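**Q** Sequence and predicted structure, then a few things I'm wondering about:
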Amino acid sequence: MVRKKTVSAEPEWVRVASVGDVLPDRLLPVNTDAGPVVLARVDGEVYALEDRCSHQDYPLSAGDLEDGQVECAFHGARFDVCTGRATQLPAITPVRTFDVEVRDGAVYLRLG
Ligand code: FES
């Protein structure tokens with residue numbers, strides 16, 4: 001008898017940080033199985049973006065968080081933290097975002 005291994009198609013929720021580590025107006029880089037991610041808190045909500053600028057791949061976590069946008073430290077591109085949309089040149093393509101859940105004092109991301 002051959003047994004088939006069951007593989008879930010659902011992405012997993014993975015704990016990446018304590019919610020207290022995600023401070024307002026600060027960017028928190030975390031490493032995940034999906035690659036580097038940067039966490040940001042805006043209006044009390046935690047958001048997660050791929051930690052790689054869509055312009056030339058430098059880490060967004062080296063930049064600044066202001067008015068709900070991340071500004072890349074290297075050439076000044078800006079991205080909406082909530083949507084990943086590029087809002088200022090030289091970047092024109094969005095960065096990936098991840099679903100975030102906060103429970104029991106921890107931040108979970110849905111990676112996949
Ligand atoms: S690498 Fe981010 S703006 Fe150029």
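**A** Received the coordinates, thanks. Numbering: from 1, shown residues only.

**Q** Any regions of this structure where pLDDT drops low?
**A** When residues are selected by pLDDT under 70, those of the chain lie in 1-10.

**Q** Near the ligand, which residues of it are found?
**A** 53, 55, 56, 58, 72, 74, 75, 76, 77, 90, 91 (C-beta under 6 Å from any ligand atom). Any C-beta I mention is one placed from the backbone N, CA and C, and that applies to glycine too.

**Q** Pull out the buried residues from those.
**A** Using 16 or more other C-beta atoms under 10 Å as the burial test, these include 53, 55, 58, 72, 74, 77, 91 as buried.

**Q** Please tabulate those residues in JSON lines and include secondary structure and distance to residue 64 as additional columns.
**A** Below are those laid out as JSON lines (DSSP: H, G, I helix; E, B strand; the rest coil; distance: C-beta to C-beta, whole Å):
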{"residue": "53", "secondary structure": "coil", "distance to residue 64": "13"}
{"residue": "55", "secondary structure": "coil", "distance to residue 64": "16"}
{"residue": "58", "secondary structure": "coil", "distance to residue 64": "13"}
{"residue": "72", "secondary structure": "coil", "distance to residue 64": "9"}
{"residue": "74", "secondary structure": "coil", "distance to residue 64": "12"}
{"residue": "77", "secondary structure": "coil", "distance to residue 64": "12"}
{"residue": "91", "secondary structure": "coil", "distance to residue 64": "15"}
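
**Q** Can you tell me which of the residues you listed is nearest residue 99?
**A** residue 53 (21.2 Å; C-beta to C-beta).

**Q** residues in contact with the residue nearest to the closest one when sequence neighbours are not counted?
**A** Nearest residue to residue 53 in three dimensions, chain neighbours excluded: residue 72, at 4.6 Å (C-beta to C-beta, 6 or more residues apart in numbering). Taking C-beta atoms under 8 Å, 6 or more residues apart in numbering as the criterion, residue 72 is in contact with 53, 55, 58, 60, 62, 63, 78, 79, 91.
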